[in-house]
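*Asks:* Structure for this input, please:
(chains A, B, C and D)
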Number of protein chains: 2
Amino acid sequence: MQVQRQADDFTPVFESAIMVDEDALRTAFVGAAAAPRSPFQPNDCLFRQGDAARLVYRIVSGAVISYRILSDGRRQVSGFHLSGDFLGLEAGVEHAVTAEALTPVEAVAVERKELSARAACDAGLAQALWRVSIQAFRRSEDHAMILARLSAVERVAAFLVEFAGRIGDDEAFDLPMTRQDIADYLGMTIHTVSRTLSQMQERGLIEARSSRHIRLLRRECLETLCA
Amino acid sequence: MQVQRQADDFTPVFESAIMVDEDALRTAFVGAAAAPRSPFQPNDCLFRQGDAARLVYRIVSGAVISYRILSDGRRQVSGFHLSGDFLGLEAGVEHAVTAEALTPVEAVAVERKELSARAACDAGLAQALWRVSIQAFRRSEDHAMILARLSAVERVAAFLVEFAGRIGDDEAFDLPMTRQDIADYLGMTIHTVSRTLSQMQERGLIEARSSRHIRLLRRECLETLCA
DNA sequence: CGTACCATTGAGTTTTTTCAACTCGCGTGG
DNA sequence: CCACGCGAGTTGAAAAAACTCAATGGTACG
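*Replies:* Predicted structure coming up:
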């Protein structure tokens, strides 16, 4: 999604500062308490909505989906998380979302308590925590924009472009999530997602070898659709 | 909006800790650099999307709307801000949103730089900054849920209940924003907002003395609608 | 008293959802 | 080895929800 603002908020000027910050955070995960967790299998939960927020994770490999369930059963997927991502940092005392493995997942965890304690005497770490939360906030606002103002085609295009960017692969890629997951992320039904992908294929925007394997054929065209 | 989770993440147990934290933040605004800004008039901007994020504000009185404009002109309102709220804390290097006064607004501002500097040696302040960003993130996720999964009636109900809660008044209250602002916040058109409010009035859920002055007649009924 | 802006309402259209049927791939058990 | 069943995905037709277009109402302000 494009907004009327040229540079990303973290401009190159500050790049190095941020790398240092994230290093501070990464370093915390290499410390004594960063126990590698036994790998999670698909459908395993790293944590559940309502759980005490005891641990913070960093994903080493695999894909994770996070979602909330409304009291009447409707589900809202808040995001997909890939290797390198932090999970659980932006929780309050309780986790607001359930984090569930989509594929086999390896992750390392640290105690939230320990992270807080370290942050109290490590200003770099404290700033890193702040920045990571700000980034999460920004992603959530982008997501809200998608949900509020884009049409079905635009939403699916935004999803594909975003995911391709996260994968970091201009080529084809595999989707670790179901159509239902995508639908619940984009605030649509599985039917509309499916139809929209079919239309995109007819229009030559994408190629789907199988339902999970997607190739973006005309990236610039898809990116135009996102705004 | 209700989610399947009983307590709010900041449970009473931690109430005092949070008060201390926010105090750290409030205190920072009482320091030397916290210059009171000349009052903003309606439609004045505190800052604009794309501006360098130099100042952080705390609203003393009045109401502020924050929004982003898509490249094709569509507007997405990300929130409404009332007295006591902080503004600009969750920005990166540039502001991602425009913050505009809806009513006459008094606010105090501090240099972002100074806040960062202070946080480097004040762990309490650093944690307060983290928490405020987490809260902003949570609000944004709630907003995303509203946009993705609720119907028109549910959205308007969620907006009214949320706003009434922020005002802290069970009684009637005045809306500082136009129907268009509400529509752009809820991802709907002005027409649907207007129609929905009319239907709510017919059903005896609300009473509207004038278009801006609303009274919630059956709060519990409205709250049920939000989930 | 006229103008401007905000808000409401009706009628028709578009988009998306709902309901239902059907396909495809895959693993299991006969 | 093949039939069967199951979950995921696709697609068509009808229905519902929200949007667009257009007209009208109300209020404040010069």
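*Asks:* Near the closest residue to A:A52 other than its chain neighbours, how many other residues are there?
*Replies:* Among residues not flanking A:A52 along the chain, A:E94 sits closest, at 6.2 Å (Cβ to Cβ, 6 or more residues apart in numbering or on different chains). C-beta coordinates here come from the backbone N, C-alpha and C atoms, glycine included. Per other Cβ atoms under 10 Å in any protein chain shown, the neighbour tally for A:E94 reads 19.
*Asks:* Where do the domain boundaries of chain A fall?
*Replies:* According to automatic domain parsing, chain A comprises the domains A:12-146, A:150-225.
*Asks:* out of the ones you listed, nearest to B:A24?
*Replies:* B:A24 lies closest, by Cβ to Cβ, to one member of the domains of chain A: domain A:12-146, at 12.3 Å.
*Asks:* thought A:L216 was touching A:L160?
*Replies:* Yes - using Cβ atoms under 8 Å, A:L216 is in contact with A:L160, at 6.3 Å.
*Asks:* Spell out which residues are contacts of both of these two.
*Replies:* Taking Cβ atoms under 8 Å, 6 or more residues apart in numbering or on different chains as the contact rule, A:L216 and A:L160 both touch A:206, A:222.
*Asks:* and A:R68, what are its bridge partners?
*Replies:* Applying DSSP bridges to A:R68 yields these beta-bridge partners: A:Q76.
*Asks:* Does the residue nearest to A:A52 touch A:R48 like I think?
*Replies:* No - between A:E94 and A:R48 there is no contact under Cβ under 8 Å: 9.7 Å.
*Asks:* quick revisit: mean pLDDT for the domains of chain A: which is lowest?
*Replies:* Note on the domains of chain A: domain A:12-146 shows the lowest mean pLDDT, a mean of 86.
*Asks:* ok, and does that one reach over to DNA strand D?
*Replies:* No - judged by Cβ under 7 Å from any atom of the strand, domain A:12-146 and DNA strand D are separated, with a smallest distance of 9.4 Å.
*Asks:* Please, where are all the helices along chain A?
*Replies:* A:15-30, A:112-121, A:123-149, A:152-167, A:179-186, A:190-202, A:219-225 (DSSP state H).
*Asks:* Would you mind listing the buried residues in the fourth one?
*Replies:* Taking 16 or more other Cβ atoms under 10 Å in any protein chain shown as the neighbour-count basis, helix A:152-167 is seen to contain the buried residues A:152-164, A:166-167.
*Asks:* for stretch A:193-200, same thing?
*Replies:* A:193-194, A:196-197, A:200.
*Asks:* Same list (those residues) but as JSON lines, adding distance to A:Q76.
*Replies:* What follows is those, written out as JSON lines (distance: Cβ to Cβ, whole Å):
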{"residue": "A:V193", "distance to A:Q76": "15"}
{"residue": "A:S194", "distance to A:Q76": "19"}
{"residue": "A:T196", "distance to A:Q76": "19"}
{"residue": "A:L197", "distance to A:Q76": "21"}
{"residue": "A:M200", "distance to A:Q76": "24"}
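*Asks:* picking that back up, tabulate the helices of chain A (CSV), appending distance to B:S66.
*Replies:* Below are those laid out as CSV (distance: least, Cβ to Cβ, whole Å):
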stretch, distance to B:S66
helix A:15-30, 24
helix A:112-121, 28
helix A:123-149, 10
helix A:152-167, 21
helix A:179-186, 24
helix A:190-202, 30
helix A:219-225, 26
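*Asks:* Tell me which of the ones you listed approaches B:V132 most closely.
*Replies:* Here helix A:123-149 is closest among the helices of chain A (Cβ to Cβ), at 8.9 Å.
*Asks:* ok, now how distant is the residue lying farthest from the centre of chain A from A:V110?
*Replies:* The centre of chain A is farthest from one residue, A:C121, which by Cα atoms, centre = their mean lies 29.5 Å away. According to Cβ to Cβ, to the nearest Å, A:C121 and A:V110 sit 16 Å apart.
*Asks:* just how off-centre is stretch A:167-185 within its chain?
*Replies:* Put simply, stretch A:167-185 sits 11 Å off its chain's centre (Cα atoms, centre = their mean, to the nearest Å).
*Asks:* got the end-to-end distance for it?
*Replies:* Distance between the boundary residues of stretch A:167-185 (Cα to Cα, to the nearest Å) amounts to 17 Å.
*Asks:* Brilliant, that's me finished.
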